[in-house]
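A.B. asks: Next comes the sequence, and after it the predicted model I'd like to discuss.
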There are 2 protein chains.
Amino acid sequence: MPRVKLFNEKEILEKAMNLFWKKGYYDTSIQDLVDDLGINRASLYDTYGGKRELFDKAFSYYRINNTEGVKKFLATGTDVKAGFKALFEMAIQQAITDKERKGCFVVNTTIELLPNEQGCVDTFNENRKVFEQMFYDYLMQGVKRNQLEPSKDYLSIATLFFTFYNGLRVITKTDFDPRDFSKSVDALLSVLD
Amino acid sequence: MPRVKLFNEKEILEKAMNLFWKKGYYDTSIQDLVDDLGINRASLYDTYGGKRELFDKAFSYYRINNTEGVKKFLATGTDVKAGFKALFEMAIQQAITDKERKGCFVVNTTIELLPNEQGCVDTFNENRKVFEQMFYDYLMQGVKRNQLEPSKDYLSIATLFFTFYNGLRVITKTDFDPRDFSKSVDALLSVLD
DNA sequence: TCCAAAATGGAATGAATGTTCCGATATCGT
DNA sequence: ACGATATCGGAACATTCATTCCATTTTGGA
């Protein structure tokens, strides 16, 4: 049997994810990756295929974690409105905590690769669908529990929340006052009253 | 006296704007620009300075037009709620009309250049400030005209609307059903009721 | 008409890009 | 202990990148 890999494949993938997340696809060079990941050029190509393949793997890895994270987050709360409040506050808090202000990898990639790379448009459509469905399901739980009045158009509210969420991820890359956005979240959540 | 320029400087700047807008900064090469603008390499450097300088000029040009466009748009309407409805609908309609799905140049650039190019963060902050102020002024007009109730936190609503606007500009780069977003706009505007 | 000056076309530059290749090294099962 | 084999380090590759340079062309005023 041959020599064993000297690095943890998933650990390095996570590093690659963070670098692509921070710098984007085009502005990240193989040299940047070699320097940052601490593995050899050849190992990178042997293990992950190439720049684009590595990016795709890193992006998938992010999407899975991100989706699961939000899903679990919504599953914990009991009050639906408080749940959304917490979700949006988390996004704000994340932006402050992350010194690199990377934002959301999905949003970043949507902007960077579309419209020129139509090959990945399906991924983004699916991502949106999954999130809107999560939001909708969560809202309907609120209706079932009599926390929300049943007569509203919750599909549209799910779309609204997801759109707002995306906007948050853009603006929190700039300098911003978290209190302003906390209050705008409150204003948004008043659609549930 | 020397030979006169054979091209219209502003006309070419507009072409450069559209290319950078579509492809972003990093993925647009000087070669792409030379091919697309139809002018000589040397003329490009003589007239605009270089890639980054040309980008900055193109970006400024966009920002001026964009800001003025929205300002004029809001100035035309009489009913405030209808004005915002029309503004958001315009963004949706623009996304459908634009076969290239370029989105918003400011949003695209925010995502692409931050956080790595902190030198331009001031521009984005100012852009947000200008837009939120426009939205706020417009909302206050509605209060003055008794179209909106005076007790709401309209600063936060201005932030909310701008955030949603940014989100729209992200999501409309993917495939989307305009009717879904029209309805989500309606849901959003219910915060004014 | 002729000259100074700006614009032009295209070659040239050097650095950076993604990718491949190869000799050396290290490891596991026998 | 040994050999098969995957990893590793680093050179090598062709291509593309932004930028510069220069000889040529074109122009307006003297």
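C.D. replies: That came through fine. Numbers count the residues shown, from 1 in each chain, chains lettered A, B, ... in the order given.

A.B. asks: residues making contact with the least confident helix or strand in chain A by mean pLDDT?
C.D. replies: Here the helix or strand of chain A ranked lowest by mean pLDDT, DSSP states H and E is helix A:41-48, holding a mean of 90. Outside helix A:41-48, the residues that touch it by C-beta atoms under 8 Å, 6 or more residues apart in numbering or on different chains are A:5, A:7, A:9, A:12-13, A:16, A:30, A:33-34, A:37, A:39, A:54, A:57. For glycine as for every other residue, the C-beta is placed from the backbone atoms N, C-alpha and C.

A.B. asks: Stretch A:153-167 now?
C.D. replies: With C-beta under 8 Å, 6+ apart as the criterion, stretch A:153-167 contacts A:84, A:87-88, A:91, A:104, A:107, A:128, A:131-133, A:135-136, A:139-140, A:143, A:148, A:188, A:191-192, B:160, B:162-168, B:170-171, B:180-181, B:183-184, B:186-188.

A.B. asks: for stretch A:80-99, same thing?
C.D. replies: Contacts for stretch A:80-99 (C-beta under 8 Å, 6+ apart): A:70, A:73-74, A:76-77, A:101, A:103, A:138-139, A:141-142, A:145, A:147-148, A:161, A:164-165, A:168-169, A:172-173, A:176, A:178, A:181-182, A:185-186, A:188-189, A:192.

A.B. asks: can we see that at 6 Å?
C.D. replies: A:F73, A:L74, A:G77, A:G142, A:Q147, A:L168, A:T172, A:P178, A:F181, A:V185, A:L189, A:L192 (C-beta atoms under 6 Å, 6 or more residues apart in numbering or on different chains).

A.B. asks: And the average pLDDT for that stretch is what?
C.D. replies: The average pLDDT within stretch A:80-99 is 96.

A.B. asks: Near A:Y138, how many other residues are there?
C.D. replies: By the measure other C-beta atoms under 10 Å in any protein chain shown, the count of residues near A:Y138 is 22.

A.B. asks: so it sits right up against A:A75, yeah?
C.D. replies: No - judged on C-beta atoms under 6 Å, A:Y138 makes no contact with A:A75 at a distance of 8.7 Å.

A.B. asks: how about A:F131, what does it touch?
C.D. replies: A:F162.

A.B. asks: Okay, buried residues for the helix or strand encompassing it please.
C.D. replies: Following DSSP states H and E, one finds A:F131 within helix A:121-144. Buried residues in helix A:121-144, counted by 16 or more other C-beta atoms under 10 Å in any protein chain shown: A:121, A:123-124, A:127-128, A:131-132, A:134-136, A:138-142.
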